[in-house]
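Novice: my questions are about this predicted structure, shown below with the sequence.
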Amino acid sequence: MRILLFSDTHRQTNLMEKGLKAHYGVELIIHLGDCISDAIKFEAAHKNIKHEYVLGNNDWNKNYLYEKLLIIEKKRLFITHGHNYNVKAGYEGIISKGIAEKVDAVFFGHTHSVYEQYSEGILLLNPGSAALYSGQDKPTYCLIDIENENIRTKFNV
């Protein structure tokens, strides 16, 4: 399965459109919060693709969840914005949650920084921010391919 992973769009959705146009065969778009309204509008414009999204710390629509567990191609994925796990101060909390949920990967945002690392056998993955902020070279997202029980990632594509 081919996935586009976005976070922290903050009403700047140009990169979402560019990413979708640049990659053939995208079957799922995941948005990790801040601003969930961007994800909802994007879903309405691209109904032929499955969408998953969670709330971030700047989202006030309580009709959605702050975290979800997804099973894709036999991989257990935990998605969250990350603020409830204090990821700006470290990853211990989110790693503990991943262990408790017995996941293969945790996808999170909030820090606006690209991050990819294995810890305790769990892939921790942050696509960075799809909006441009001071201190950032460019907006970022991640292309993920899950097949044959492998997770391959590519940033800034």
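Specialist: Sure, I can see it. Residues are numbered from 1 along each chain as shown.

Novice: which secondary structure elements does the host helix or strand of Lys18 contact?
Specialist: Counting by DSSP states H and E, the element that carries Lys18 is helix 14-22. Contact here means 3 or more CB pairs under 8 Å, 6 or more residues apart in numbering; DSSP states H and E; on that basis helix 14-22 packs against strand 2-6. From N, CA and C alone the C-beta is placed, and that goes for glycine too.

Novice: would you mark the buried spots in the helix or strand of the chain with the lowest mean pLDDT?
Specialist: Within the chain, judged by mean pLDDT, DSSP states H and E, the helix or strand with the poorest mean is helix 14-22; its value is a mean of 93. Using 16 or more other CB atoms under 10 Å as the test for burial, helix 14-22 gives Leu15, Met16, Gly19, Leu20.

Novice: just send these back as a markdown table, with distance to Leu69 too.
Specialist: A markdown table is the format used below for the buried residues of helix 14-22 (distance: CB to CB, whole Å):
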| residue | distance to Leu69 |
| --- | --- |
| Leu15 | 26 |
| Met16 | 24 |
| Gly19 | 24 |
| Leu20 | 25 |
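
Novice: quick check, nearest of those to Glu120?
Specialist: Gly19 (29.7 Å; CB to CB).

Novice: who touches that closest one in this structure?
Specialist: Leu4, Phe6, Tyr141, Leu143, Val157 (CB atoms under 8 Å, 6 or more residues apart in numbering).

Novice: chain center to the least confident helix or strand of the chain, what's the gap?
Specialist: Taking CA atoms, centre = their mean, to the nearest Å, one finds helix 14-22 lying 15 Å from the centre of the chain it belongs to.

Novice: in this structure, where is pLDDT below threshold?
Specialist: 133-136, 157 (pLDDT under 70).

Novice: now the strands for it?
Specialist: Secondary structure of the chain (DSSP state E): strands located at 2-6, 28-31, 50-53, 67-72, 75-80, 105-107, 114-119, 122-127, 142-147, 150-155.

Novice: gap between the shortest one and the chain center?
Specialist: Translated: strand 105-107. Its chain's average C-alpha position is 8 Å from that of strand 105-107, according to CA atoms, centre = their mean.

Novice: give the partner strands of that strand in its sheet and their orientations.
Specialist: strand 75-80 (parallel), strand 122-127 (parallel) (DSSP bridges).
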